[in-house]
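In: from the sequence below, what's the structure:
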Amino acid sequence: MTSLLVNAVDMSVPINLSSLIAAAPVSDQQFYEFCQTNPELRIERNANGDVIVMPPAFSDTGNRNGRLFGQLYIWSEADGTGEAFDSSSGFTLPNGATRSPDASWILGDRWNALTPDQKASFAPIAPDFVVELRSSSDTLAGLQSKMDEYMANGVRLGVLIDRKTQQVHVYRSEQPPEILNNPAVVNCSPELPGFELKMSRIW
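Out: Sure thing, here's the model as predicted:
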């Protein structure tokens, strides 16, 4: 039976479950309809088909997310080899999970190989680059597990930012995570040539 996993501080938000009744597990179409019915929520789905409902980002986290994505977007437009995506973008990974990184980037050739219908839904593709920014409601272990999932599904570079400890966990294919303590910048080459994530505005 499909589970509804709720990670929320304020549960006063009504959740319309009608599209998930008797779903085991939740299909792509049912998940898509559920997300459309509840646009005020951040929703993901794990590889088991369980739906994970999260509250909107806290204001300060949203502000830092914007600063993070702004850096990636400016670099991406100048570089011209791929597409940048913000935290509202969902992707269906090869293992069936649907995830929404806080920021992500995909090589243009891979993105353009998708059909218009695929692009218009939760695109069936693992980004080349993902960033997760820990908020006060996130556990480090939970985000580390998510980063492991990203890497196992084809992501080439992952960055986990923990503002609480001012540490950055850098994940690369077939390498153990590297932990940086209070770095001024995070070098994202060679996966994103020339891109350095400046941390002063994110801390």
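In: can you list the domain ranges for this structure.
Out: 4-54, 59-198 (automatic domain parsing).
In: for the protein, just list every one of the helices.
Out: Assigned by DSSP state H, the helices in the chain fall at 28-37, 59-79, 108-112, 116-120, 140-152.
In: mean pLDDT, distance to residue 179 and mean neighbour count for these - can I get that in CSV?
Out: Glycine gets a C-beta too; all of them are placed from N, C-alpha and C. CSV is the format used below for the helices of the chain (pLDDT from 0 to 100; distance: least, Cβ to Cβ, whole Å; neighbours: other Cβ atoms under 10 Å):
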stretch, mean pLDDT, distance to residue 179, mean neighbour count
helix 28-37, 83, 34, 17
helix 59-79, 94, 19, 16
helix 108-112, 98, 29, 13
helix 116-120, 96, 35, 10
helix 140-152, 97, 11, 16
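In: for the closest residue to residue 94 other than its chain neighbours, list the residues it contacts.
Out: What sits nearest to residue 94 in space, not counting adjacent residues and going by Cβ to Cβ, 6 or more residues apart in numbering, is residue 153, at 5.0 Å. The contact partners of residue 153, by Cβ atoms under 8 Å, 6 or more residues apart in numbering, come to 93-95, 97, 126.
In: and residue 77, by the same measure?
Out: With Cβ under 8 Å, 6+ apart, residue 77 has these contacts: residue 84.
In: could you measure from it over to residue 177?
Out: Relative to residue 177, residue 77 is positioned 29 Å away (Cβ to Cβ, to the nearest Å).
In: give me the below-cutoff pLDDT ranges for the protein.
Out: Where the chain drops to pLDDT under 70, the residues are 1-25.
In: residue 182 versus the residue nearest to the spatial centre of it, what's the distance?
Out: Closest residue to the average C-alpha location of the chain: residue 101 at 1.0 Å, with Cα atoms, centre = their mean. In this view, residue 101 and residue 182 are 23 Å apart by Cβ to Cβ.
In: ok, residue 61 next?
Out: 19 Å.
In: all strands of this protein, in order?
Out: For the chain, the strands defined by DSSP state E cover 4-6, 42-45, 51-54, 82-85, 91-92, 98-99, 103-107, 129-133, 157-162, 167-172, 178-181, 185-187, 196-198.
In: looking at those strands, which is closest to residue 118?
Out: Residue 118 lies closest, by Cβ to Cβ, to one member of the strands of the chain: strand 91-92, at 9.0 Å.
In: closest to residue 36 out of the contacts of residue 153?
Out: residue 97 (18.9 Å).
In: if we can go back for a sec, out of the domains of the chain, deepest packed?
Out: domain 59-198 (a mean of 17; mean count of other Cβ atoms under 10 Å).
In: quick one: end-to-end distance for it.
Out: 21 Å (Cα to Cα, to the nearest Å).
In: repeat for stretch 32-48
Out: For stretch 32-48, the end-to-end distance is 16 Å (Cα to Cα).
In: thank you kindly, that will do.
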